[in-house]
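Undergrad: Predicted model and sequence below, questions to follow.
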Amino acid sequence: MLNVSSHVQSPPQEAPGIVDVEQAEAALVEHYPRLVRLAYLVLPPSLGRNRRVLTAHALTQRALPRSRRSADEADLPVQRGRKGDRQDGPGYAYVRQRVVRTALEAGQPLRRAALPKRSQLPPLLPQVWGLRLFPRSGGADELALDQRLSALSGPARAAYVLRGLERLPDADVRGVLTAAGVDDPRAALTEADGVEAAYALLASPEFDPCSLQARPTDLMRRRQHMKAAGVALAAALVCGALLGLPGDGWAPDGAAAPAYAQNPAGQAALDPEQLTKVGASEWKRSARTDFSVWPARGELVDDKALLRRALAVWARPGETVQVSATPGTAAGAPPGPAQLLFAGEVDAARVVLLHDGLRIVRYAEPKDGTSGAALDFARVDGANTGESGAVIVNRVDGNVRYLTAPWVRKAAVRDLVKGTSGAATALRVNRSGVTAPFVSPAQASSCTSWNTLELRDNSGTRRLSSDLGELVPAHLTAGRPQNPREATVADWSATACSLSAARSHGVRAVNAWAYARQLLPEANGLAQWVCTRADTWRGGGSRILAQFRPPGSAAAAVAAKAEDSAACGGREPVVLAGVRWKSRAGTWYLLGGGSKEVASVTPSGGTKVPGNTLAAPVERGARTGLTGQLADGTKVSTLR
């Protein structure tokens, strides 16, 4: 991009004050993602996410001048930005002005007495046939902000975005809005003041039309249209041939086209009467304790209209539906009639939870309509008792509510960071099994606390689960990976914050294993080595952290990490990690800790030390590594 300011003389061949096409092109290429995001945010959400994406790209690509000298710099508002921000030249200011103007025009209603403007019509290009494109779904904060922005007028929405995304002061925002044809920019700024200034969320993937997800359009309807088009084409060809024959060519009782044969299983999956509703006490007689024996609960389990909407959206989600799925989870239509787990009102939403044997599906819509409907998928195949104890039924303002299993007798909240010094807070559960809300750590930016759900079943067993941003919380366990046990708060108090590394990753269970203890040199006390392994529902994609906890420290430090590895797991319960550590006397050491299978540890360039721990003096800042050896001579490298 060419930056032009008052103290830089323009090239002699260009008249001063003119933004030429080269400047605009350079600005468009350099800042294309930023400009498309701006257009997407200013466009009215009523267009639907797919059309907003395509329209945002179309408006941005049409923002260039039509001729070499089509923009007068004097007509552009000054773009100062906030202190410390990059100064953008007139080329960018011109392109941004065009984007804002056309995005505001696209949101204006069509009038009978006036010809529609080009920006008010669906874009001719770009077009994608057979797919719906939309940005990746964000969290509850992004969804709430999108809903608040949708309630604003177009100018107010533009004012909010120019403030937050472009970081323009109000004087410059008024200038941009005035140049875009807004009659009362001050009123737009006043209206934008009514929305909380959550400007950091504007940079979320929720509002990024350049990083997209793709889903098929209505496949059933598309097939019907294709068949109808084929029949119409065949009929036209036959009629044309008959018209070309001598004599009477038309027959009043010609053969009718066969009706479209719909899939019976697909039709049954959309019928609320076909939903499986397990009895309230069936779980007591079953040999299984998983989602398949959960009874249907909630005050709306007989609301056929709500259930029909939920099944229809599951089969064919519209463009305005927020769809999310945990990694490795198919987001397709139900293969047949599903099992109903819950249907009821939770906070300000109507929620339906369904189970098809492989997935938990959550449908939610506002109480006052269906415009903000959401559809979430989570894989749960093979869930055991500990992994099917609860499902998240709603998130609001950083709080979370769970629907608990029928065998749960008591629920409580435990803060892992406080450890054994913090008492459990009893959690009220209504007769439908829905808990009272409590603060979730899934979206917290810091780790001053980590609330987990503690469930006590009818046998007295206590289990801990942690919300990691998905429908099904992760089951927390502890001990050797070949035979893990139910975790306690003490098992996780030092490593609770490491759970943030497993957020939104499709995690099934996380195990904490204190695999080694080490006496530190110079009588500095006893340290602990802990490995945490997060396993996913899809099998692959595990996340492993080796952590070192020196004596007197409340939290452990990450020493090594790996992804998609068998280390520290039931198949390969071997782990080795190293860390540089400074003693109280100021001496630096290379420390190593391995599981009990490690027979010796060798530092790079050093001698082999028997045992599964190592403490070797090193220079401060020295780069060195470790290798281990098992009793059978097998070499072991550090976790990576």
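TA: Everything's here; your move.
Undergrad: Spell out the residue ranges of the helices in the stretch 101-250 of the chain.
TA: Ranges of helices in the stretch 101-250 of the chain, per DSSP state H, counting those that start in this stretch, are 140-150, 154-164, 170-179, 185-192, 219-243.
Undergrad: Show me where the protein dips below the pLDDT cut-off.
TA: 1-20, 66-88, 109-132, 134, 137-140, 213-266, 370 (pLDDT under 70).
Undergrad: for it, what's the longest strand?
TA: strand 507-519 (DSSP state E).
Undergrad: Report all helices and strands that that strand contacts.
TA: On a contact count with 3 or more CB pairs under 8 Å, 6 or more residues apart in numbering; DSSP states H and E, strand 507-519 meets strand 474-478, helix 489-492, strand 526-536, strand 588-594, strand 613-617. Where C-beta positions appear, they are placed from N, C-alpha and C, glycine not excepted.
Undergrad: Would you format those as JSON lines with distance to Leu43 and mean neighbour count included?
TA: As requested, the helices and strands packed on strand 507-519 are exported to JSON lines (distance: least, CB to CB, whole Å; neighbours: other CB atoms under 10 Å):
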{"stretch": "strand 474-478", "distance to Leu43": "37", "mean neighbour count": "25"}
{"stretch": "helix 489-492", "distance to Leu43": "45", "mean neighbour count": "21"}
{"stretch": "strand 526-536", "distance to Leu43": "36", "mean neighbour count": "23"}
{"stretch": "strand 588-594", "distance to Leu43": "55", "mean neighbour count": "24"}
{"stretch": "strand 613-617", "distance to Leu43": "60", "mean neighbour count": "19"}
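Undergrad: Relative to Arg174, which of these is closest?
TA: With respect to Arg174, and counting by CB to CB, the nearest of the helices and strands packed on strand 507-519 is strand 474-478 at 49.0 Å.
Undergrad: quick one: contacts of the closest one?
TA: For strand 474-478, the external contacting residues (CB atoms under 8 Å, 6 or more residues apart in numbering) are 386-387, 389, 452, 463-466, 468, 484-488, 491-492, 499, 502, 507-513, 534.
Undergrad: Selecting buried members of these in PyMOL, what would you type?
TA: Applying 16 or more other CB atoms under 10 Å to the contacts of strand 474-478 leaves a buried subset, and the PyMOL line that selects it is:
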select buried, resi 386+387+389+452+463+464+465+466+468+484+487+488+491+492+499+502+507+508+509+510+511+512+513+534
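Undergrad: Would you mind getting the angle between the longest strand of the chain and strand 588-594?
TA: For strand 507-519 against strand 588-594, the angle by axes from the mean of the first three to the mean of the last three CA atoms, to 10 degrees is 120 degrees.
Undergrad: State the paired neighbours of strand 507-519 in the sheet, together with their directions.
TA: strand 474-478 (parallel), strand 526-536 (antiparallel) (DSSP bridges).
Undergrad: Can you check what angle separates the longest one from strand 613-617?
TA: By that I understand strand 526-536. Using the same axes, to 10 degrees: strand 526-536 against strand 613-617 is 120 degrees.
Undergrad: care to break this protein down by domain?
TA: 18-215, 280-415, 419-637 (automatic domain parsing).
Undergrad: Any chance of JSON lines for these, columns distance to Ala268?
TA: Formatted as JSON lines, the domains of the chain follow (distance: least, CB to CB, whole Å):
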{"stretch": "domain 18-215", "distance to Ala268": "23"}
{"stretch": "domain 280-415", "distance to Ala268": "5"}
{"stretch": "domain 419-637", "distance to Ala268": "25"}
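Undergrad: Please name whichever of the ones you listed is nearest to Asp271.
TA: That would be domain 280-415 among the domains of the chain, by CB to CB, at 7.3 Å.
Undergrad: Convert the longest strand of the chain to PDB, retaining C-alpha atoms only.
TA: Extracted in PDB, the C-alpha atoms of strand 507-519 (Å, rounded to 0.1, in the frame of the first residue of the first chain):
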ATOM      1  CA  VAL A 507     -11.800 -34.600  24.500                       C
ATOM      2  CA  ARG A 508     -13.400 -37.600  26.100                       C
ATOM      3  CA  ALA A 509     -11.300 -38.000  29.300                       C
ATOM      4  CA  VAL A 510      -8.200 -36.500  30.800                       C
ATOM      5  CA  ASN A 511      -5.900 -38.500  33.100                       C
ATOM      6  CA  ALA A 512      -3.400 -37.100  35.600                       C
ATOM      7  CA  TRP A 513      -0.500 -39.400  36.500                       C
ATOM      8  CA  ALA A 514       2.200 -38.500  39.000                       C
ATOM      9  CA  TYR A 515       4.800 -40.800  37.300                       C
ATOM     10  CA  ALA A 516       7.900 -39.900  39.300                       C
ATOM     11  CA  ARG A 517       9.200 -38.200  42.400                       C
ATOM     12  CA  GLN A 518      12.700 -36.700  42.700                       C
ATOM     13  CA  LEU A 519      14.900 -35.600  45.600                       C
END
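Undergrad: Make 42 the first number, not 1, from now on.
TA: Sure, I'll start counting at 42 from here, so that last one is strand 548-560.
Undergrad: so how far is that strand from its chain's centroid?
TA: 28 Å (CA atoms, centre = their mean, to the nearest Å).
Undergrad: what do you get for stretch 548-561?
TA: The mean C-alpha position of stretch 548-561 is separated from the chain mean by 29 Å, CA atoms, centre = their mean.
Undergrad: Please name whichever of the strands paired with strand 548-560 is nearest to Ala640.
TA: strand 567-577 (16.3 Å).
Undergrad: and that closest one, how far from the chain's centre?
TA: On CA atoms, centre = their mean, the centre of strand 567-577 falls 26 Å from that of its chain.
Undergrad: Stretch 234-252 now?
TA: 14 Å.
Undergrad: Give the buried residues for it.
TA: Val236, Leu242, Leu243, Ser245, Glu247, Phe248, Asp249, Pro250.
Undergrad: And the residues you listed, which two are furthest apart?
TA: It's Val236 and Pro250 that sit farthest apart of the buried residues of stretch 234-252, by CB to CB, at 20.7 Å.
Undergrad: could the buried residues of stretch 234-252 go into a markdown table alongside distance to Lys459?
TA: Listed next are the buried residues of stretch 234-252 as a markdown table, based on distance: CB to CB, whole Å:
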| residue | distance to Lys459 |
| --- | --- |
| Val236 | 36 |
| Leu242 | 30 |
| Leu243 | 35 |
| Ser245 | 31 |
| Glu247 | 33 |
| Phe248 | 36 |
| Asp249 | 37 |
| Pro250 | 42 |
